[in-house]
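Chemist: I'll drop the sequence and a predicted model, then ask my questions.
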Amino acid sequence: MNISLLFNIFQGEISPLVAARVDSPAYEMGAKRMENMIPMPAGGLRKRPGTWYDGTTKDNSPARLIDWLLSDGSCAVIELTAGTTGIWRRQETIPGYEELPEYEKTQEIPNEYGEEDIAGVKYAASSDNLWLVHPGHPPQRLAWDGDAVSQTYPEFTGKDFAAEGGRPGAAMFYAGRLCFAATRNEPNKIYLSKPPDSMTGEERYTDFTIGDNPADAIVLEENDMHGSRIQWLAVNRGFLAATERAVWSDTGEVPTPATFDMNIIEYAGAAGLQPRGTKEIMVYAARGGKALRAVVWTQQGQSGGFIDMDISEQAAHLFTRGIKDFAVSDYPYPVIWVVTRAGELISCTVNIRAGMLAYARHPTEGAVEAVAVSSDKTGDVIFLEVKRGSARNIEHLVMEDLVSADYAESHYVDAGERRVFDTPTRVVTGLERFAGKTVRAFVDGALEPPVTVSADGTAEFQTDVVTLHIGLPYKSVFSPNTRLIPANGTSLGKKRRLEKVILRLYKSLGGRVGPDEEKTEELITRRLGSYVLGTVPEPFTGDIDVDVSGNIDTETEVLISHDDPVPFTLLALVERVAVLEA
């Protein structure tokens, strides 16, 4: 019996422990291996864009990255290292190429943090003010005046948050109030400052004077927290707090000293990492730091409420070393970006309403150590701190619009840069950071063979270069799970053989497919009669049929790979399978 199996909604890499759940939609559309490919909610897979090189951290020290959205709509990224706070800002871009932002470190400010403190810093932003807290240091306030960032250590009224043992370990803004919690002396007490003055609108973030007036500061201590330390505070359709034992929400009323109260959502427990929100969910690291959970708002008629769920259960194998950092991007669709303690970058495409939680690995040369997401004018920008050799780079990637993006400006290399030359040249200098490495380049919309950079930072190309995208190569791999085949009873364990695959591609070039990495063949993505020697090939959109001589086995093995520095988007995959046992 021959049958065609269609893959068009991809659920990402699935734990090998789920290999017998052939009846599960997540497994059926999932993958054994998903590397440097990103599942899309509308269907299909896209190759991960490459990263742009921005610079290095202070003295190549380990860094924490924090995003800060400013009142003018721009965003700053804070590079937090031991002793120094760096401010990264977007610079002017080339007219007509606003989708290619450039970032520079514009300022460095001394701080009091040691290297062991960086991971424990929590933050809260409100317009042009960013508050940083750590239980071992007084709260600090960063303020943006339109030109530069200033740093102060404010004095407080009604409560001394600078005193030893009274320094907060968690912070957020809620209903115009600055909220502190998790001091060493009062680990499960929450403080809310006074709201802005109702007459003048003046902020009162440093006034924690308690009273009975609705505009007074609020103090809440939940005895039901059993003395468990508060790990974080967050806001998403309401006030959220987490301890090592449970996750809590407020009652939803306007907070006043008389009405503010908290209720338990779930006895799950949280790690100390700062949570991140996207649309109707708040994502956090579970107690122990080896799983992702989410607080999800559900609407039922005129009322609604929160539920708490494990969103990494079916990809638990990706987090066995623990979660070090994570961030969430919303554009062009929600994606969670996770950095593990093994130095891996993991993505999860999220569509809670459709039941989509699609994970993928993103290996690169080096170890990823931190991540943050900046809301830019042209979309979200994902910032990474990556240790490559002895250098710790600040790099960023942009999820460009696959439909309208300029193919000639494709950037699918890591730690890359763009060069434009007034006079065509074959010799490119100034590449010392790539010395001794093999790089890939996309030259004037065409591919160049791999080039090794000399010790003095020089690379020589085969053709004249005007516009050049150059950087480190990376490989994308997708291998789908074995599908259940309609048969007499289950097809689990029955012999089968893969005979043909059909790939529906969109604006792609290159790629290989086969039953395994040793038996792949090149995809022909150029239409006959449409390519003229010496011209730039157009990206291919359409279907490609490939005859595959698969082994006779109980599982179907298909592997699609791509290692050229150009886009590759797989909209659908069809496997033509012969079932040898009825």
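Modeler: Thanks, I have the structure now. Residues are numbered from 1 along each chain as shown.
Chemist: Regarding the residue nearest in space to the middle of the chain, what is its secondary structure?
Modeler: For the chain, Trp337 is the residue whose C-alpha lies nearest the centre (C-alpha atoms, centre = their mean; 2.2 Å). Recorded secondary structure, Trp337: strand (DSSP: H, G, I helix; E, B strand; the rest coil).
Chemist: what's it in contact with, if anything?
Modeler: By C-beta atoms under 8 Å, 6 or more residues apart in numbering, the contact set of Trp337 is Phe326, Ala327, Val328, Ser329, Leu345, Ile346, Ser347, Val371, Val373, Ile382. C-beta here means a position set from N, CA and C on the backbone, and glycine is covered the same way.
Chemist: could the residues you listed be laid out in CSV, adding secondary structure and pLDDT?
Modeler: As requested, those are exported to CSV (DSSP: H, G, I helix; E, B strand; the rest coil; pLDDT from 0 to 100):
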residue, secondary structure, pLDDT
Phe326, strand, 98
Ala327, strand, 97
Val328, strand, 96
Ser329, strand, 95
Leu345, strand, 98
Ile346, strand, 98
Ser347, strand, 98
Val371, strand, 98
Val373, strand, 97
Ile382, strand, 97
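Chemist: Narrow the residues you listed to just the buried residues.
Modeler: Buried subset of the contacts of Trp337 (neighbour count, 16 or more other C-beta atoms under 10 Å): Phe326, Ala327, Val328, Ser329, Leu345, Ile346, Ser347, Val371, Val373, Ile382.
Chemist: any idea which of those residues is the one closest to Val548?
Modeler: Nearest to Val548 among these is Ser347, at 28.3 Å by C-beta to C-beta.
Chemist: Which residue or residues pair with the closest one through a beta bridge?
Modeler: Counting by DSSP bridges, Ser347 forms beta bridges with Trp337, Ala360.
Chemist: Which residues are in contact with it?
Modeler: By C-beta under 8 Å, 6+ apart, the contact set of Ser347 is Ile38, Arg48, Val335, Ile336, Trp337, Val338, Tyr359, Ala360, His362.
Chemist: gap between it and Gln91?
Modeler: For Ser347, the distance to Gln91 (C-beta to C-beta, to the nearest Å) stands at 27 Å.
Chemist: go on, Val398?
Modeler: Using C-beta to C-beta, one obtains 15 Å as the distance from Val398 to Gln91.
Chemist: And those two? Which one has more around it.
Modeler: Val398 (21 against 11; other C-beta atoms under 10 Å).
Chemist: And the pLDDT at the more buried one?
Modeler: Model confidence at Val398, expressed as pLDDT, equals 93.
Chemist: Now for the closest residue to it other than its chain neighbours, how many residues are close by?
Modeler: Among residues not flanking Val398 along the chain, Val381 sits closest, at 5.7 Å (C-beta to C-beta, 6 or more residues apart in numbering). The tally of other residues near Val381 (other C-beta under 10 Å) stands at 24.
Chemist: Double-check Val381 against Glu395; I have them as touching.
Modeler: No. Assessed by C-beta atoms under 8 Å, Val381 is found out of contact with Glu395, at 10.6 Å.
Chemist: in this structure, which segments are predicted with low confidence?
Modeler: Scanning the chain for pLDDT under 70 picks out the ranges 1, 92-100, 222-227, 301-303, 486-493, 525-536, 553-554, 581-582.
Chemist: Show me the domain layout of it.
Modeler: For the chain, whose domains are defined here by automatic domain parsing, the residue ranges read 2-47+491-579, 117-363, 414-472.
Chemist: how about these in CSV, adding distance to Gly389?
Modeler: Below are these laid out as CSV (distance: least, C-beta to C-beta, whole Å):
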stretch, distance to Gly389
domain 2-47+491-579, 21
domain 117-363, 13
domain 414-472, 9
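Chemist: Figure out which of these is closest to Val386.
Modeler: Closest to Val386 of the domains of the chain is domain 414-472 (C-beta to C-beta; 7.2 Å).
Chemist: For burial, what's the neighbour tally of the closest residue to Lys377 other than its chain neighbours?
Modeler: In space, and not counting its chain neighbours, Lys377 is closest to Gly73: 6.7 Å by C-beta to C-beta, 6+ apart. The local packing of Gly73 (other C-beta under 10 Å) involves 9 other residues.
Chemist: Hmm, Ser198 is touching Ala215, no?
Modeler: Yes. At 6.7 Å, Ser198 and Ala215 qualify as touching, with contact defined as C-beta under 8 Å.
Chemist: how deep is Thr278 tucked in, by neighbour count?
Modeler: Thr278: 19 neighbours (other C-beta under 10 Å).
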